[in-house]
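Just the structure for this:
(chains A and B)
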Amino acid sequence: MSAQPIDPAQGEVRATFEGEPISCSPGASVAAALIATGKRGWRETKSGATRGLFCGIGVCFDCLVEIDGESGQRSCMIPLREGMDVRQAKGPGGTGEEPRGDARGQELGNALGDAVSDARDEEAGE
Amino acid sequence: MNSQATDAPRPTGRAPHFDVAIVGAGPAGLAAAAAASDSGARVAVVDAAEQPGGQYWRHRSEAAGVPEGGEYHHGWKQYLALRARFDSGIAAGRITYLPSTSVWMARPVAGAVSGAAGASGAAGASGAAGAGAGSPGPLASHPAFALELTPAHGGGPSPVPSIRAAALVLATGGYDRQLPVPGWQLPGVMAAGGIQAFVKQNGMLPGSRFVIAGTGPFLLPVAANITQAGGSVAAVLESASLMGWLPRAHRAAGVPAKGIEGAGYVAAFIKNRIPYRIRTVITEILGTEHVTGVRTARVRSTGETIPGSEREITGIDGVGLGWGFTPQLELPVQLGVSTRVDVDGSLVGIVDETGLSTVPGLYLAGEITGVGGAPLSVLEGEIAGRSAASSVLGAQGAVTASERRILARNRGFAEAMHLAHPVPAGWADRLTPETTVCRCEEVSFGELGHAHTELAADDLRTEKGLTRAGMGWCQGRVCGFAVSCLSAGAGAVGAEAVPSAESAAHSLSQSAKRPVAQPLPLSALRDLQD
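Prediction:
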């Protein structure tokens, strides 16, 4: 239980959030880099509220960001890599100005998932 | 890693085929993989994280070469021992490890009901069409389960889009169970386990001064980790009275390691002057842009707050919340396992002593059989992995008397813990009409209450349809328990803290039924075989 200070950065990974520099030690997450830069919230919900980290393990989707043009990414799950272009997620799915335009929309996936599930149930009934 | 999966595919199909597939590489999954591999089975391990360990043994990045001494961990030596077995399984070509990969759908495939799996005596076939699997071969070549895979994050297809296995061990773990509190959507408020995971993964804190609140012994290591990492803890607020331990003290005594661990926390709390307040809850979280403080109150065992006990804690920038754990049950439910509501109110899968579920060939291990902590998960994983391998290879995999004894002791401890740290009565009375309950869809307590009283929504599914609660990104993983309670009229003073086991089972199994277990690119659906 000895005090364990934050270990000295072994080098530094540098990237950007909305064009502004962010950084963290190697292997740390995008969320860690945002927090290290002093940010606590970085996603905007449909009501305009700000959200940041909540579950910290990829379950809640509160910490979504856009990374290198790929929207809907969980910043708690992804290590920061050199030169990453991280952007704020806005809107209903946290997917920017075109919430339904992205292939990783969970809701769209769910609708199709229901269809797959129904088809499977039918198969199972054979 | 992926080349291992494609180098020598079995001739039964396009997807690589294994004797045993294991989902999850935490305490239960790692132990299952080690045991199945040691039994001589060809094993696939699918895990969403970049490296093994799960949440309990989440640690600094191996890929980035950051040294990890296990300072924030319990049982780190046990992890290293399991990891050595796991790594030697990989080196020997018996374990194919698929990290950073999610299973978005699990399904039985033709041939599921055969041989050892069918003869195991488990009730209820999984619904797979048994006949028509082509020519019968050795048992090990009968695929019984198909797992559809997608990268855990990022775009593009998974290098291995799908695998087949004769037996399946699910060790998907759990996450902090949450109850809504006014203001809990503010940045800086986190799941208690999320704070710990953040420290373990990044070696830094997501804030500097915290209040940790909820119920259960798990709040203690979270607070201890915060002080270890150089932060401070203004208070740990435990809603239970702890008197619940007294009639069950003998069960705690049956697991001495827990007592030693507990004594370590007491020492850390004294050393760091962390106030530990029992029968105390957060009634409101304060702040505008991010959390700055909390209002607290003492509560009676019946749920009312005690007048005059209200306090305010300010000067904080972090809050950690946790009310026990929610087992991650999407895949077991997809595959049709029978479930029950455990003493802590969690929906869990029913298994026999070998970890076999009610679906032939499907084993469950760890928190999804009942939340009981890492040592129990490791033992369950060991037994399930060994049993799964035996069922495929036709060998014996009996549970030893010693294992049976340790299982019983740890399960007894877990039950005592759950009963001593219940979800408190009266939690719903502390919500305001504006309180966010579903974080993703921003559904308020008032909206849910309207649907319940005016539109007769008395289960989670109806609430979902009427209010969109649980229909957002997280698919009810965070709000599911609370909405389930609220829709059943539970949570208020004078009502049950949680619904009766029967209505909870109904409501929670609806919530756990998620045809797509993880977000996925549409290309994954396009490429679906069979």
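
contacts and neighbour counts: CA atoms only from here.
Noted.

Tell me which other helices or strands the helix or strand containing residue B:363 touches.
Remark: residue B:363 resides in strand B:362-364, with elements defined by DSSP states H and E. When contacts are defined as 3 or more Cα pairs under 8 Å, 6 or more residues apart in numbering or on different chains; DSSP states H and E, strand B:362-364 sits against strand B:162-170, helix B:374-393.

which stretch among the ones you listed comes nearest chain A?
Smallest distance to chain A across the helices and strands packed on strand B:362-364 (Cα to the nearest Cα): 15.6 Å, for strand B:162-170.

which residues sit against that closest one?
B:15-24, B:29, B:32, B:112, B:140-149, B:331-332, B:361-365, B:384-385, B:388-389, B:391-392 (Cα atoms under 8 Å, 6 or more residues apart in numbering or on different chains).

and stretch B:72-83, which residues are buried?
Within stretch B:72-83, the residues that qualify as buried by neighbour count (16 or more other Cα atoms under 10 Å in any protein chain shown) are B:72-73, B:79, B:82-83.

What ranges does chain A have for its helices?
Using DSSP state H, the helices of chain A run over A:30-36, A:106-124.

Worst mean pLDDT among those?
Within the helices of chain A, the least confident segment by mean pLDDT turns out to be helix A:106-124, at a mean of 43.

Where does residue B:25 fall, secondary structure wise?
When elements are assigned from DSSP H and E, residue B:25 belongs to no helix and no strand.

what's the answer for residue B:200, then?
In this structure, residue B:200 is located in helix B:192-202 according to DSSP H and E.

Report all helices and strands that that helix contacts.
With 3+ Cα pairs under 8 Å, 6+ apart as the test, helix B:192-202 has strand B:174-176, helix B:219-228, strand B:318-323 packed against it.

The closest residue to residue B:189 other than its chain neighbours: what's it in contact with?
Distances taken as Cα to Cα, 6 or more residues apart in numbering or on different chains place residue B:319 nearest to residue B:189, at 4.6 Å, with adjacent residues excluded. When contacts are counted by Cα under 8 Å, 6+ apart, residue B:319 is found next to B:188-190, B:192, B:210-213, B:291.

for residue B:382, same thing?
Contacts of residue B:382 were listed using Cα under 8 Å, 6+ apart, and they are B:28, B:31-36.

Counting neighbours, which of the residues you listed comes out on top?
Of all these, the most densely surrounded is residue B:32 (41 neighbours; neighbours counted as other Cα atoms under 10 Å in any protein chain shown).

that's a strand at that residue, yeah?
No: assessed with DSSP: H, G, I helix; E, B strand; the rest coil, residue B:32 is helix; it does not lie in a strand.

Tell me where the model's unsure across the chain.
As the question left the chain open, I've gone with chain A. Low-confidence regions of chain A, defined here as pLDDT under 70, cover residues A:1-10, A:91-126.

Chain B was what I was after
Residues of chain B meeting the criterion pLDDT under 70: B:1-13, B:111-141, B:527, B:529-530.

what about 50?
Counting by pLDDT under 50, chain B contains low-confidence residues at B:1-13, B:112-141.

so what are the domain limits for it?
With domains defined by the TED database, chain B comprises B:17-112+B:141-174+B:326-417, B:180-322, B:424-499.

JSON lines for these, including distance to residue B:525?
Formatted as JSON lines, these follow (distance: least, Cα to Cα, whole Å):
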{"stretch": "domain B:17-112+B:141-174+B:326-417", "distance to residue B:525": "9"}
{"stretch": "domain B:180-322", "distance to residue B:525": "31"}
{"stretch": "domain B:424-499", "distance to residue B:525": "18"}
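
Quick check: which of those domains is nearest to residue A:89?
Proximity to residue A:89 (Cα to Cα) singles out domain B:424-499 among the domains of chain B, at 13.1 Å.

right, is that closest one up against chain A?
Yes: between domain B:424-499 and chain A, judged by Cα under 8 Å from any Cα of the partner chain, the touching residues are B:440-442, B:471-474, B:477-478.

returning to what we had before: can you lay out the helices and strands packed on strand B:362-364 as CSV showing distance to residue B:327?
Below are those laid out as CSV (distance: least, Cα to Cα, whole Å):
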stretch, distance to residue B:327
strand B:162-170, 12
helix B:374-393, 12
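
Can you flag which of the buried residues of stretch B:72-83 belong to helices?
When DSSP H defines the helices, the subset of the buried residues of stretch B:72-83 inside them is B:79, B:82-83.

ok, of these, which one's closest to chain A?
Ranked by distance to chain A (Cα to the nearest Cα), those are led by residue B:79 at 18.2 Å.
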